[in-house]
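[1] Here is a sequence together with a model predicted from it:
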Amino acid sequence: MEESKAQKQIQQLTNKIERYNYQYYVMDDPEISDFEYDKLLHELIALEEQFPQFASETSPTRRVGGAALNTFAPVRHEVQMGSLQDVFDPQELIAFDERVRDKVEKPVYIVEPKIDGLSVSLEYRDGKFFRGSTRGDGITGEDVSENLKTVGSIPMTLTKPLPLLEVRGEVYMPRTSFEKVVARQIENEEEPFKNPRNAAAGSLRQKDSRITATRGLDIFVFNIQRIEGTEIFSHKQSLEYLKELGFKVIPSFKSFINIQDAICEIRSIGENRYGYAFDIDGAVIKVDDFAQRNQLGATAKFPRWAVAFKYPPEEKETTLLNIEIKVGRTGALTPTAVFEPITLAGTTVSRAVLHNQDFINEKGISIGDRIIVRKAGDIIPEVVSVAKHQEGAVPYQISNICPSCGSIAEREEDQAALRCVNMACPAQVARNIVHFASRDAMDIDGLGPKIVHALIDAGYVKSTADLYGLDIQKVISIERMGEKSAQNLMTALDKSKTRDLSRLLYALGIRGIGQRAAQLLAQHFGNIDDLLAADAQEISQIEGFGGIMAQSVVDFFALKENQKLLARLRDAGINMYGEKKVSRDTLGGKTFVLTGTLPTLTRNEAKEKIEQAGGKVSSSVSKKTDYVVAGEDAGSKLTKATSLGIEIIDEAGLLQLLENQ
Ligand SMILES: NC(=O)c1ccc[n+]([C@@H]2O[C@H](COP(=O)([O-])OP(=O)(O)OC[C@H]3O[C@@H](n4cnc5c(N)ncnc54)[C@H](O)[C@@H]3O)[C@@H](O)[C@H]2O)c1
Ligand SMILES: [Zn+2]
C-alpha cells in the first residue's frame, strides 16, 4: 500500500473507532457488534505495525477503555487497570506460551472464563468498604460507590480487618436479570439495552442508586490490586484468600503446566459458554506466579503475562421461510426474516430483523434461500449472508403499503426505511398517544404507557382525539384504576387543553420535529391556521429549519387522516395559539464542531446550548465550519481545524459567544 493511502486509512479507522468507543464506553449504547469492532481494531493494529510512522501516541490501539461521564467524581487508580490482549486462534496461544517461556521458567497458567461485564475497583480500609470505581481509561475512573453498595454480593465488611485492600472485579448482569430489565423497558416503551454488558454498564452508571438496585447486578472478583497486612505470592492463592475474605470470586479457575492442556480447557469453556447463567466473551489465561508476572511486565495497555482468548459468535445455516413486514413504533416498515428454528447462543431463534430494502438488496435475500444467521453481540439475531441463492431468484421487494392501515408509506430522502406517516395507524397509535401525553408534550399527568394500552384494549381510544371524549365512568372501568386516580386523569386531560401551540405541535409527533423545532414553528406562525396555510418553501425560511423538516411538516398536514384528527382536537377545545415572537437568534446559523472533553459541559449540553441559540453542530470539520470548540484531549479534528485556519475556542469562549449577543 502507498504511504499516503495508508495514512489516510489509519486516520479514517481511528476516527471510526473513536466514535464507536464513545458510544460503547460513555453512552453504553454500542453502534456495532463487538465482533465487528474487534475486526476494525485489528485492522488498525496491522496497519500501524506496517506503517509505524503514522501511529499516533493517542491511537485507540494504545489506550484503554473510555472517558468518564461528568456525573461522577473522578477516582485516580493507584494501580493502573489495564486491558487484555485479544487472541482469536489457538496458534496465538502457543505463541503467547513461547513469549512467556523466553523470559521465565516453568510457568504455571491459570485459565478462567472471561466475564462480559465491566471492570471495577473496590477499596477497603480496616476491613470496611471504602470506595468503588469504574475502570475508565485505566488511570482515572468514576466513583460509583453508592451504586456498588446496592450489589448484594459485594461485602461491606471483610472477615479480616486488613488495613488496606484493593481488588478488581467484573460487574455483570445475569441473563435472567437482563431479560427482566429488557421486558420492563419494552413495557414502558423505552429503548431496551442491547446486551447484558451494556445493561450492566448503564445500570452501574445511574445517577440514582435506587434504580441500580432494581437491576439485579452481580460481581465476580478476580484480582488483588493492592494489599497490606499479609503477603500473597500467586494468583491461585489470591483467589482462595479473596474467597475467605467473603468475596464472590471468578468461578472455575484451573491451573495447568503446559499450554496444550490450557488450550483444551479454553476450548471446553467455549463449548459450554451458553451453559453459564451469565455472558462470557472468552477465556483468560494468566501466569500464576507474581514474581514471574513482574519479570514479564506490561505494555501501556496490557500485561504481558496474560491474554484473552475470544470466541467467535456462533453461526448457523437455516432456510428462510418468509419475510414479514411489521410497523415499528415510529411507523418504520421493518422486514423480519422468519426461518426454520435453530439454537443460537443458548436459545431457540426463528426470526431476525432485516432492517430495510438496502440491506436485503445488498445480501440478495429472497424467500426460500439458505441463509447464515448469528447473534450480534450474542443477543440480537442477524442474517450474515445467503449461503445458497435459488436459481433465478431476485431480492425480495418490500411493498410500500402499510400492512397495518393500508396507507402508502413514504421513503424519506437520505433514509433507507419506508415509513407510515398516518397518525391514526393502529400500529403506532399507542406510542403516539404516550408521546402526546408525555411531560414535554401535552403533559397529561397519569397517562403512562400502561393506562394508554388499557384504554386502547378496552376500545375507548383509537387516537389522541379520543382522549378528550373519555368520561369518568369509562376511565374507572379500566382494571386497577381507582376512583381517585380516574378523577385525577380527567382533571389532567382538562388542563392539557390550554397548553401552548408549541407543545401541541411537538405532541403531534411529526417526523423530525422535536421540541425546539415545534417552538420555532409556534413562534413563527403564532397559530395553527397560518401554519396550515404555509408551504414547504415558506417554512424552510425559518432559521433553524431545513428543507427536509419543512417537507415533513407539510406532508404531515397533507394527510387526510391527520387533518381529521386536528379538526377533532380543535372541536375538543384544545388551544391552537402560541406566542408569536420575533426570533432572537444569537449565533445566526454559525456551524460549530465539538472536540475533546470540555471542563464543565457534556457534549450534549454544549450542543443543546448552541442549538438553542440558533447555531448548528456538525460532527466533522470542513471549510464550512465557523468555530471548533476544543477541550482536553482534542484529537484529529483540532489538527484539521488548525490546518484549515478555522477559529478555535475553548468552553469559556463558547459561553462568552452565547452571552454576548
Ligand atoms: N461494539 C462496540 O462498539 C465496542 C466499542 C468498544 C469496545 N468494544 C468491546 O469492548 C471490548 C474491549 O474492551 P476492554 O478493553 O475492556 O477489553 P476486554 O473486555 O476485551 O478485556 C479486558 C477486561 O476483561 C475483564 N475480565 C473479565 N473476566 C476477567 C478475568 N477472569 N480475568 C481478567 N479480566 C477479566 C476485565 O475487567 C478487563 O477490563 C472488546 O470486546 C470490544 O469488542 C466494543
Ligand atoms: Zn400505517
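    That came through fine. Ligands and ions are numbered 1, 2, ... in the order given.

[2] what packs against the biggest helix by length in the chain?
    Secondary structure of the chain per DSSP state H: the longest helix is helix 3-21. Under the contact criterion of 3 or more C-beta pairs under 8 Å, 6 or more residues apart in numbering; DSSP states H and E, helix 3-21 touches helix 34-50, helix 636-644. Using the backbone N, CA and C atoms, a C-beta is placed for each residue, glycine as well.

[3] Check which residues of the first one are buried.
    Residues of helix 34-50 classed as buried: 34-35, 37, 40-41, 44-45, 47-48 (neighbour count, 16 or more other C-beta atoms under 10 Å).

[4] Also near ligand 1: which of those residues, exactly?
    Intersecting the buried residues of helix 34-50 with the contacts of ligand 1 gives 34, 37 (criterion: C-beta under 6 Å from any ligand atom).

[5] Please convert the buried residues of helix 34-50 to JSON lines, extending it with pLDDT and distance to ligand 2.
    Shown next, in JSON lines, are the buried residues of helix 34-50 (pLDDT from 0 to 100; distance: C-beta to the ion, whole Å):
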{"residue": "Asp34", "pLDDT": "81", "distance to ligand 2": "35"}
{"residue": "Phe35", "pLDDT": "78", "distance to ligand 2": "35"}
{"residue": "Tyr37", "pLDDT": "87", "distance to ligand 2": "36"}
{"residue": "Leu40", "pLDDT": "91", "distance to ligand 2": "38"}
{"residue": "Leu41", "pLDDT": "92", "distance to ligand 2": "42"}
{"residue": "Leu44", "pLDDT": "94", "distance to ligand 2": "44"}
{"residue": "Ile45", "pLDDT": "91", "distance to ligand 2": "47"}
{"residue": "Leu47", "pLDDT": "94", "distance to ligand 2": "47"}
{"residue": "Glu48", "pLDDT": "93", "distance to ligand 2": "50"}
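
[6] any idea which of the buried residues of helix 34-50 is closest to Phe222?
    Of all the buried residues of helix 34-50, Phe222 sits closest to Asp34, with 19.8 Å by C-beta to C-beta.

[7] What distance do you get for that closest one to Asn272?
    20 Å (C-beta to C-beta, to the nearest Å).

[8] Enumerate the residues of the stretch 351-500 of the chain near ligand 2.
    Residues of the stretch 351-500 of the chain lying near ligand 2 by C-beta under 5 Å from the ion: 402, 404-405, 420, 422, 425.

[9] make it 6 Å
    When proximity is defined by C-beta under 6 Å from the ion, the stretch 351-500 of the chain lies next to ligand 2 at 402, 404-405, 407, 420, 422, 425, 427.

[10] on that earlier part again, now the angle between helix 636-644 and the longest helix of the chain, please.
    130 degrees (axes from the mean of the first three to the mean of the last three C-alpha atoms, to 10 degrees).

[11] quick one: buried residues of helix 3-21?
    6, 9-10, 13-18, 20-21.

[12] Would you format those as a markdown table with distance to Ala536 and pLDDT included?
    As requested, the buried residues of helix 3-21 are exported to a markdown table (distance: C-beta to C-beta, whole Å; pLDDT from 0 to 100):
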| residue | distance to Ala536 | pLDDT |
| --- | --- | --- |
| Ala6 | 46 | 92 |
| Gln9 | 41 | 93 |
| Ile10 | 43 | 94 |
| Leu13 | 40 | 93 |
| Thr14 | 40 | 93 |
| Asn15 | 35 | 90 |
| Lys16 | 35 | 91 |
| Ile17 | 39 | 91 |
| Glu18 | 37 | 87 |
| Tyr20 | 36 | 88 |
| Asn21 | 39 | 86 |
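
[13] one step back: find the pair from the residues of the stretch 351-500 of the chain next to ligand 2 with maximum spatial separation.
    Ser407 and Ala427 (10.8 Å).

[14] who touches both of the two?
    Cys420 (C-beta atoms under 8 Å, 6 or more residues apart in numbering).

[15] residues in the protein within reach of ligand 1, list them.
    So far as C-beta under 6 Å from any ligand atom goes, the chain lies against ligand 1 at 20-21, 23-24, 30-34, 37-38, 64-65, 83-84, 86, 112, 114-115, 119, 135, 170, 222, 250, 281, 284, 308.

[16] Out of these, name the ones that lie in strands.
    Judged by DSSP state E, strands contain the following of the residues of the chain next to ligand 1: 86, 112, 114-115, 119, 170, 222, 281, 284, 308.

[17] tell me the two of these that are most distant?
    Distance extremes for these: the farthest pair is Asp86 and Phe222 at 17.3 Å, using C-beta to C-beta.

[18] Low-confidence ranges, the protein, go.
    Judged against pLDDT under 70, the low-scoring parts of the chain cover residues 65-70, 189, 329, 346, 377-379, 412-414, 581-585, 660-661.

[19] Let me know the helix or strand that the nearest residue to Ser203 once chain neighbours are set aside is in.
    Distance criterion C-beta to C-beta, 6 or more residues apart in numbering; nearest residue to Ser203, sequence neighbours excluded, is Arg215 at 3.9 Å. Element membership of Arg215 [criterion: DSSP states H and E] is none; it lies in no helix or strand.

[20] Relative to Thr464, tell me which of the helices and strands packed on helix 3-21 wins on proximity.
    helix 34-50 (40.3 Å).

[21] what comes into contact with the closest one?
    For helix 34-50, contacts defined as C-beta under 8 Å, 6+ apart pick out 1, 6, 9-10, 13-14, 16-17, 20, 24, 30, 54-55, 59-61, 86, 88, 281, 310, 312-313, 376-377.

[22] And for stretch 487-503?
    Taking C-beta under 8 Å, 6+ apart as the rule, stretch 487-503 contacts 437, 440-447, 451, 467-468, 470-472, 475, 481, 507, 515, 518-519, 521-523, 525-528, 572-579.

[23] number of nearby residues for Leu204?
    For Leu204, the neighbour count with other C-beta atoms under 10 Å is 27.

[24] scratch that, Leu158 is what I was asking about
    Count around Leu158 with other C-beta under 10 Å applied: 18.

[25] Do I have it right that it meets Asp126?
    No: at 9.1 Å, Leu158 does not count as touching Asp126 under the criterion of C-beta atoms under 8 Å.

[26] For Ala262, list the residues it contacts.
    The neighbours of Ala262, taking C-beta under 8 Å, 6+ apart as the test, are 93, 109, 111, 256, 285.

[27] right, and the pair among those with maximum separation?
    Based on C-beta to C-beta, the longest span within the contacts of Ala262 runs between Leu93 and Phe256 and measures 11.3 Å.

[28] what residues does the protein put near ligand 2?
    Residues of the chain lying near ligand 2 (C-beta under 6 Å from the ion): 327, 402, 404-405, 407, 420, 422, 425, 427.

[29] Give the buried subset of the residues of the chain next to ligand 1 as a ChimeraX selection command.
    Of these, the buried ones can be selected in ChimeraX as follows, counting by 16+ other C-beta under 10 Å:
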select :20,21,23,24,30,32,33,34,37,64,65,84,86,112,114,115,119,135,170,222,250,281,284,308
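
[30] Please compute how far the stretch of helix or strand Val100 belongs to lies from its chain's middle.
    Using DSSP H and E, Val100 maps to helix 90-103. With C-alpha atoms, centre = their mean, to the nearest Å as the basis, helix 90-103 stands 36 Å off its chain's centre.

[31] Okay, helices next: where are they in the stretch 401-550 of the chain?
    426-437, 449-457, 472-477, 483-496, 501-507, 515-525, 528-533, 536-540, 547-558 (DSSP state H, counting those that start in this stretch).

[32] So among the contacts of stretch 487-503, which ones count as buried?
    Buried members of those, counted by 16+ other C-beta under 10 Å: 437, 441-442, 444, 446-447, 451, 467-468, 470, 475, 481, 507, 518-519, 521-523, 525-526, 528, 574-576, 578.

[33] what's the neighbour count on the residue of the stretch 551-661 of the chain at minimum distance from ligand 2?
    Nearest residue of the stretch 551-661 of the chain to ligand 2: Glu561, at 9.3 Å (C-beta to the ion). Number of residues near Glu561 (other C-beta under 10 Å) recorded here: 15.
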